[in-house]
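Peer 1: Sharing a model that was predicted from the sequence below.
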Amino acid sequence: MQRRAFLVFAASSAPLALASLSGCGFALRKAPNFAFTTLYSGLAESSPLGVELRRSLESTGKVKVITDARRLSEAQVILDVLQDQREKVVLSLNSSGQVREFQLRLRFTFRLRTLAGKELIPATEIALQRDISFNESAVLAKEAEETLLYRDMQSDVVQQIMRRLAAVKDI
């Protein structure tokens, strides 16, 4: 009997909960709208960041990415990659001079312009960093962790680029 009463209560309160969510402005994140439909990317086809950016842009269904320089004239905008750099810096050493911590850095600098040369997004640098401890007895595990951290930073860079590209309102 209690179970049936609970089910009736849950069924009657579900529409109320949905109505309250829609009233507060809650909405799922939608694909961004871009001011352009074709983009030329100078990133290499084999670049992991380039592949992820191309997939993210094309998954919206609104942008076609051109990577062939011979078809540059078909693009409405050009994404110039000015810098794509990964660094690994020693943060700390133990008493015997062995590395204890590293800092992984990812720097990506780009700009967006039209074919005519009008600058839509000036040179913009996205810099990310992550700290990672190091242990000589677990070198393979730490290398795998480093790879995962770089991949996570790369995904973060792609999302930041997507937001910046979506902020362009007219070309």
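Peer 2: Alright, I've got the coordinates. Numbers count the residues shown, from 1 in each chain.
Peer 1: Pull out the buried positions in stretch 130-146.
Peer 2: By 16 or more other Cβ atoms under 10 Å, the buried positions in stretch 130-146 come out as Arg130, Phe134, Lys142, Glu145, Glu146. Where C-beta positions appear, they are placed from N, C-alpha and C, glycine not excepted.
Peer 1: among those, which are in helices?
Peer 2: Lys142, Glu145, Glu146 (DSSP state H).
Peer 1: could those residues be laid out in TSV, adding distance to Gly117 and pLDDT?
Peer 2: Output for these, formatted as TSV (distance: Cβ to Cβ, whole Å; pLDDT from 0 to 100):
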residue	distance to Gly117	pLDDT
Lys142	46	88
Glu145	43	92
Glu146	40	91
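Peer 1: hmm, back to that, now, among the buried residues of stretch 130-146, which is nearest to Pro48?
Peer 2: Distance to Pro48 across the buried residues of stretch 130-146 (Cβ to Cβ) is lowest for Glu146, with 14.2 Å.
Peer 1: who touches that closest one in this structure?
Peer 2: Lys88, Phe102, Leu104, Ile132 (Cβ atoms under 8 Å, 6 or more residues apart in numbering).
Peer 1: Give me the buried subset of those residues.
Peer 2: Phe102, Leu104.
Peer 1: Mind picking the two most distant members of the contacts of Glu146?
Peer 2: Lys88 and Ile132 (8.9 Å).
Peer 1: overlap in contacts of the two?
Peer 2: Phe102, Gln103, Leu104, Glu146.
Peer 1: Test of understanding: give the bridge partners of the first one.
Peer 2: Right, Phe102. Phe102 forms beta bridges with Val90, Ile132, as assigned by DSSP bridges.
Peer 1: Now do the helices in this structure.
Peer 2: 2-23, 48-59, 139-166.
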